[in-house]
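1. Here's a sequence, model it:
(2 chains)
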Amino acid sequence: MDHLIELTDIYKIYHMGDTDVHALDGVTIHIDKGEFVAIVGQSGSGKSTCMNIIGCLDVPTSGTYLLGGVDVSTMEDDQQAEIRNKMLGFIFQQYNLIPKLSVLENVELPLLYSGADSATRRQAAMKALERVGLADKCKNLPNQLSGGQQQRVSIARALAGSPSVILADEPTGALDSRTGREVLSFLQELNREGDTIVLITHDNSIAVKAQRIIRLSDGKVIYDGPADDPRAVVQPHEPGEEAPA
Amino acid sequence: MSFSQSFRLALKSLVTSKMRSLLTMLGIIIGVAAVIIIISLGDGMNNMINSEFEKMGANLLQVEVMSPNASRTVTDDEMYRLAAENPGTIGAVSPSVSVYASVKAGGDTVSASVSGVGEEFPAIQSVELTSGRFLHYTDVERMQNVCVIGAWIDQELFNGAGLGQTLRINGYEYTVIGVVEASDPDAVPTSYSDNQVYIPYTNATRLNHDAVITSYLFSATSDQTNNAAKAAIEARLDQLLGSDDYYMVISMSEMMSIMGDIQGTVMTVLVAIAGISLLVGGIGIMNIMLVSVTERTREIGIRKSLGAKRRDIRSQFIIEAGTTSAVGGVIGIVLGVALARAVGPVVGIEAAASLTAIAVSFGVSVAVGVIFGYLPANKASRLNPIDALRYE
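-> Modelled structure (predicted):
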């Protein structure tokens, strides 16, 4: 069976003056439809670069990335935009709602860029808002809502375009622990309903809410397996330090 | 990308940051207002000049003979014969003899312009009489001491009851047989016709002690025959005088078109100067749009992450720039029309802002926004979504 996300031998190399920085150093990841995967790592581990590539915001230096069987690793700007629009839904740490637009207009944005007519946009956006329980706030501006509500609006926006993958980048980072837990259990619920979710975080306690953990360190995959395996949450030792007993 | 959403957002941001919007639009407002004022006053002036020309007779051809000696001259008979031989092109002819004379009635003297003309004069320049009649052929032929006076003279010398009265021109008694209608009943005198005294040209030559008539007025039969009439007159004068150095034929329609050309050139220069303000306004819009693109980097990143293509972002910012300058244009048009209306009466011109001028000004202001908005919009569309999303 084809995987939904298929990263094969991905390298991302940045040129910093004379030295080359390998942000991703031969990463191979397969994610199937319906999975809830957490990509975990310390800062500098390459998880953000990994998310940018999975999210079609960036292209790898080498390696292939098949998304839904289509090679997206060598696409141009506008082709990537179309893939993001049709296949991906983003949830960001800072919600990233547009403050001047109403909640409904924010949720309608992905449909606006897919060229849907206004009736279709409104219907799909309202349906997504109902799913996150904020249909009654559709006329409000984002800053009239609490942080947790704003993040739910951004989840609704991610859902509105019916994407194949929902990419959540530190979705609880800006929330207190209680609202953070609510958002996570909401993501779990979406996953149970069949959505594929890729969660990017540095926090093990959040990562364990996923079914599967992929741990990155120095641009390499150091663990890829079930979230309930004890090895999934073991921190890699720093160079020069003693390995934990 | 939805035009209406971009348009609505642009209007919203115009309203929310009023001071900034006003300053952004100021160049456009001033430029458009200046163009409207110039065009309105220019058109008004044009209308005024045209109506003055119309009054003098649009088909008028004026002949001046500048013969160096008395042996080479033209007579009134020759000119009447010329008109009679060209019935298709020349409508009417009248000698025109200016008399330097004092005009008195009772003890009052007025400064008047006394002209000796023929009976066909009203067919050349419109003369509307409020009472009496104009000079007849017999008056001219028999050198009758009769005159037709302007409304202002009638008012000054006879309190408006001059018909049938007598006045003295250089001491000779003349009977008033007609009074010319005032050019503007509210303000006497406003036009040259209001202080005119018309007498038979045969009398005028006698008053001048000079039988040679050097000035004639012709009218062409229509607009189309102006040039043909002029050619016929020139041909005859050439033949009579032997050289085109000795006469001058001025066609009023040529004068009108020369005046029109001069006025058109002046207008073009003035509008071009006002246009510089539009250019500056465009640069102002470009400047603010560049600031706006930087301020909204994150928004651009969000939109791109959700699937906005380059052209979506570009058109959003172009629509915004176009909306800003269009609103500026509308304000400029309103301001310009209001100012033209206010200034017109002060300078004595009835300002007329044509719909074309308004439509063109509006179109130009939108175009300025779109053209100067393109560069910032293009810059926005090329932002890298990762960097844009991370921008604080």
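
2. Residue of the stretch 201-350 of chain B nearest chain A, please.
-> When you check the stretch 201-350 of chain B against chain A by Cβ to the nearest Cβ, the closest residue turns out to be B:Gly307, at 2.3 Å. Yep, even glycine has a C-beta here, placed from its N, CA and C like the rest.

3. element containing the closest residue to that residue other than its chain neighbours, please.
-> Spatially, and ignoring its direct neighbours in sequence, B:Gly307 is nearest to A:Asn85 (2.3 Å; Cβ to Cβ, 6 or more residues apart in numbering or on different chains). In this structure, A:Asn85 is located in helix A:77-87 according to DSSP states H and E.

4. Averaged pLDDT, the following helix or strand past that helix. What do you get?
-> Per DSSP H and E, the first helix or strand lying C-terminal to helix A:77-87 is strand A:88-91. Rounded to a whole number, the mean pLDDT of strand A:88-91 is 94.

5. ok, residues contacting the following helix or strand past strand A:88-91?
-> Counting by DSSP H and E, the next helix or strand C-terminal to strand A:88-91 is helix A:103-114. Contacts of helix A:103-114 from elsewhere in the structure, counted by Cβ atoms under 8 Å, 6 or more residues apart in numbering or on different chains, are A:81, A:85-86, A:89, A:97-98, A:101, A:120-122, A:124-126, A:128-129, A:134, A:137-142, A:145, A:153-154, A:156-157, A:160-161, B:1-2, B:5, B:302-303, B:306-309, B:312.

6. cool, stretch B:332-341 as well?
-> By Cβ under 8 Å, 6+ apart, the residues outside stretch B:332-341 that reach it are B:28-37, B:40-41, B:351, B:353, B:358, B:361-362, B:365.

7. Need the CA coordinates for stretch B:158-167. PDB is fine.
-> The C-alpha coordinates for stretch B:158-167 follow below in PDB (Å, rounded to 0.1, in the frame of the first residue of the first chain):
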ATOM      1  CA  PHE B 158     -32.000 109.800 -23.100                       C
ATOM      2  CA  ASN B 159     -32.800 107.700 -20.000                       C
ATOM      3  CA  GLY B 160     -33.800 104.900 -22.300                       C
ATOM      4  CA  ALA B 161     -36.200 106.900 -24.400                       C
ATOM      5  CA  GLY B 162     -33.800 107.900 -27.300                       C
ATOM      6  CA  LEU B 163     -35.900 106.800 -30.200                       C
ATOM      7  CA  GLY B 164     -36.800 109.800 -32.400                       C
ATOM      8  CA  GLN B 165     -34.500 112.100 -30.400                       C
ATOM      9  CA  THR B 166     -31.600 113.900 -31.900                       C
ATOM     10  CA  LEU B 167     -27.900 113.900 -30.900                       C
END
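
8. ok, back up a step: and the residue nearest to B:Gly307, how many neighbours?
-> Counted with other Cβ atoms under 10 Å in any protein chain shown, the neighbours of A:Asn85 add up to 25.

9. Now for it: which residues touch it?
-> Under the criterion of Cβ under 8 Å, 6+ apart, the neighbours of A:Asn85 are A:Pro110, A:Tyr113, A:Ser114, A:Gly161, B:Leu306, B:Gly307.

10. And for B:Phe317?
-> If you count contacts by Cβ under 8 Å, 6+ apart, B:Phe317 has them with B:Met289, B:Ser292, B:Val293, B:Gly373, B:Pro376, B:Ala377, B:Ala380, B:Ser381.

11. Quick check: helices, which of the contacts of helix A:103-114 are part of them?
-> When DSSP state H defines the helices, the subset of these inside them is A:81, A:85-86, A:120-122, A:124-126, A:128-129, A:153-154, A:156-157, A:160, B:5, B:302-303, B:312.

12. just the buried members of the residues you listed?
-> Of the members of the ones in helices among the contacts of helix A:103-114, the ones counted as buried by neighbours, 16 or more other Cβ atoms under 10 Å in any protein chain shown, are A:81, A:85-86, A:121-122, A:124-126, A:128-129, A:153-154, A:156-157, A:160, B:5, B:302-303, B:312.

13. elements contacting the lengthiest helix in chain A?
-> For chain A, the helix that runs over the most residues, judged by DSSP H, is helix A:177-192. Using 3 or more Cβ pairs under 8 Å, 6 or more residues apart in numbering or on different chains; DSSP states H and E as the contact criterion, the secondary-structure elements in contact with helix A:177-192 are strand A:36-40, helix A:147-160, strand A:165-169, strand A:196-201.
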